[in-house]
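1. Generate coordinates for the sequence data below:
(one chain, ligands or ions: 3)
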Amino acid sequence: MPIMECIVSAPGKAILHGEHAVVHGKVALAVSLDLRTYLRLVPNSTGKVCINLPNIHTFLSWDVTSLQSLLPGHAADLKNAKELDIDLLPRLRSFIGVTDCNTDTSTMAVLAFLYLCLSVFTETRELPGLTVSVWSELPTGAGLGSSAAYSVCLAAALLCARGAITPPLGDLEHTARWSEEEMELINTWAFLGEKIIHGNPSGVDNAVSTWGGVLRYRAGKITPLSRVPMLRILLTNTKVPRSTKVLVAGVKDKIYKFPSIMNPVLESIDAVSSTCQETLTEMASESTPEHYSVLEELMDINQHHLNVIGVGHPSLDTLCRVTLARGLHSKLTGAGGRGLRHHPAQARH
Ligand SMILES: Nc1ncnc2c1ncn2[C@@H]1O[C@H](COP(=O)(O)OP(=O)(O)O)[C@@H](O)[C@H]1O
Ligand SMILES: C[C@@](O)(CCOP(=O)(O)O)CC(=O)O
Ligand SMILES: [Mg+2]
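-> Numbers count the residues shown, from 1 in each chain. Ligands and ions are numbered 1, 2, ... in the order given. From the prediction side, this is the model:
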């Protein structure tokens, strides 16, 4: 089947409450942002698979024939691809000449691309020549879900090229919608992309990037929140680089080391998310100044919790202090700061 050119886009997100705790089965509330990642996939006749990632200065290509030899022996069940193929990932690492220790931006992006590309096309046994270009309005590694938006775009475009979902827009159509089933397929494959980039993602980021809107997420269950008030959120980027993978792994270690101390904190974050959800629902009918003060207190409480679980950073403390002096209550969003390499993050109020 000939491959068609396609252009797709997916939004970033802000987590209101529940980051990190959601990895351990607690509730998170997330909202999609008006900042998107875009992807263009075009077929080519050069016999090469090419990837252009201008945001991270990565431009690479490989011969289709050399990639073809890496195709997994067995085809992934497109609809039930829940786990990563543990043999394919090391094969890809050695193919691009990196070790497990290489977790830099470019390596992770290239691995996610090649993994999804090979897995989606395994069944056809024939990898087509194609050029994929991805660019984004989202800052990379700032807590706004750029990895999920990247994974969602890759999943949508590759599934489309493979003919597993319908093309996003017909010739005579001005708007198009994928079916619920197609959206679920995109989300399933985006989750695998997130697994490569994050190690152990909860799935909240790819869910909100796939479906958009505001949602509650707990242990894989996605509940869209339709009745929420209009909220103005100020996002601040501290621009201190860090990796979600490192931070998520750090929290896991801390829970393992101090279970009786950390588990109650995660429970409390869960309660913060639920209280926030109840407050937002009440506000959709009628918002009062008391509602806003509850939202502010929840922000403060959660920021303290996130510090306790070890994902705060001095730059975030400064930000919270400076904004509070102007009456604004802030917390970090996304993975936070202080990774193993003493790396920090971003905050919002
Ligand atoms: N526009 C992009 N181009 C290429 N890779 C991207 C892009 N956006 C995100 N990524 C990938 O996602 C990773 C960042 O993900 P992560 O550490 O989870 O931060 P966040 O999701 O908060 O932005 C990058 O290291 C890169 O591998
Ligand atoms: C820390 C976490 O809750 C959110 C990570 O978001 P981001 O990659 O920092 O945008 C991890 C997850 O839910 O998978
Ligand atoms: Mg991410």
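
2. List the contacts of whichever residue of the stretch 201-349 of the chain sits closest to ligand 3.
-> The minimum distance from the stretch 201-349 of the chain to ligand 3, using C-beta to the ion, falls at Thr244 (4.4 Å). Backbone N, C-alpha and C define where each C-beta goes, glycine included. Taking C-beta atoms under 8 Å, 6 or more residues apart in numbering, we find Thr244 in contact with 141, 147, 197-198, 334-335.

3. check contacts around the closest residue to Ala75 other than its chain neighbours.
-> Nearest residue to Ala75, sequence neighbours excluded (C-beta to C-beta, 6 or more residues apart in numbering): Glu123, at 3.8 Å. For Glu123, the contact set (C-beta under 8 Å, 6+ apart) comprises 75-76, 78.

4. Now neighbour count too, for the contacts of Thr244, in CSV please.
-> Shown next, in CSV, are the contacts of Thr244 (neighbours: other C-beta atoms under 10 Å):
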residue, neighbour count
Gly141, 23
Ser147, 32
Ile197, 22
His198, 26
Gly334, 28
Ala335, 31
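
5. What sits closest to whatever residue of the chain ends up closest to ligand 3 if chain neighbours are left out?
-> Residue nearest to ligand 3 within the chain (C-beta to the ion): Ser147, separated by 3.3 Å. In space, and not counting its chain neighbours, Ser147 is closest to Ile197: 4.4 Å by C-beta to C-beta, 6+ apart.

6. hang on, the earlier thing: am I right that the residue nearest to Ala75 falls within a strand?
-> No. Looking at Glu123 with DSSP: H, G, I helix; E, B strand; the rest coil, it is helix, so not inside a strand.

7. For the contacts of Glu123, which ChimeraX command selects only the ones that are buried?
-> Listed next is the ChimeraX selection for buried residues among these, using 16 or more other C-beta atoms under 10 Å:
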select :76,78
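
8. Generate TSV for the contacts of Glu123, with secondary structure as supplementary columns.
-> As requested, these are exported to TSV (three-state DSSP):
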residue	secondary structure
Ala75	coil
Ala76	coil
Leu78	helix
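
9. For ligand 1, tell me which of the contacts of Thr244 show up nearby.
-> When the contacts of Thr244 are checked against ligand 1 using C-beta under 6 Å from any ligand atom, the ones in range are 141, 147, 197-198, 334-335.

10. Identify the farthest-apart pair in those residues.
-> Within the ones next to ligand 1 among the contacts of Thr244, two members stand farthest from each other by C-beta to C-beta: Ile197 and Gly334, at 13.1 Å.

11. list the buried ones in the longest helix along the chain?
-> Longest helix in the chain, counting residues (DSSP state H): helix 259-285. For helix 259-285, the neighbour count (16+ other C-beta under 10 Å) marks 262, 265-266, 268-270, 272-277, 279-280, 282-283 as buried.

12. Name the spans of the stretch 151-300 of the chain whose pLDDT lies under the cut-off.
-> 169-172, 176 (pLDDT under 70).

13. in it, which spans are strands?
-> In the stretch 151-300 of the chain, the segments counted as strands under DSSP state E, counting those that start in this stretch are 214-218, 221-224, 235-237.

14. For Asp34, find the nearest of those.
-> Nearest to Asp34, of all the strands of the stretch 151-300 of the chain, is strand 235-237, at 10.9 Å by C-beta to C-beta.

15. Report the distance from the closest one to the chain centre.
-> Taking C-alpha atoms, centre = their mean, to the nearest Å, one finds strand 235-237 lying 17 Å from the centre of the chain it belongs to.

16. one step back: what's the closest of the buried residues of helix 259-285 to ligand 2?
-> Checking the buried residues of helix 259-285 against ligand 2 by C-beta to the nearest ligand atom gives Ile269 as the nearest, at 10.4 Å.

17. May I have the residues that are in contact with the closest one?
-> Counting by C-beta under 8 Å, 6+ apart, Ile269 touches 17-18, 20-21, 26, 302, 305.

18. again with Leu78
-> Shown in contact with Leu78 (C-beta under 8 Å, 6+ apart): 120, 123, 159, 164, 185.

19. ok so, going back, mind listing what the residue nearest to Ser147 touches?
-> Ile197 touches 108-109, 112, 147, 150-151, 244-245, counting by C-beta under 8 Å, 6+ apart.

20. Output those as CSV; include the columns distance to Cys320.
-> Below are those laid out as CSV (distance: C-beta to C-beta, whole Å):
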residue, distance to Cys320
Met108, 30
Ala109, 31
Ala112, 33
Ser147, 25
Tyr150, 29
Ser151, 30
Thr244, 21
Lys245, 25
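
21. Quick check: the residue of this protein nearest ligand 2.
-> Gly334 (2.9 Å).

22. which residues of the stretch 151-300 of the chain fall in helices?
-> Assigned by DSSP state H, counting those that start in this stretch, the helices in the stretch 151-300 of the chain fall at 180-198, 204-211, 244-257, 259-285, 289-308.

23. Residues contacting the second one, please?
-> In this case it means helix 204-211. 10-13, 15, 18, 22, 28, 30-32, 145, 147-149, 151-152, 183, 186-187, 190-191, 193-194, 215, 217, 222, 224.

24. one step back: in terms of pLDDT, where does the residue nearest to Ala75 sit?
-> Per-residue confidence (pLDDT) for Glu123: 80.

25. where's it relative to Ser315, distance?
-> According to C-beta to C-beta, to the nearest Å, Glu123 stands 47 Å off from Ser315.
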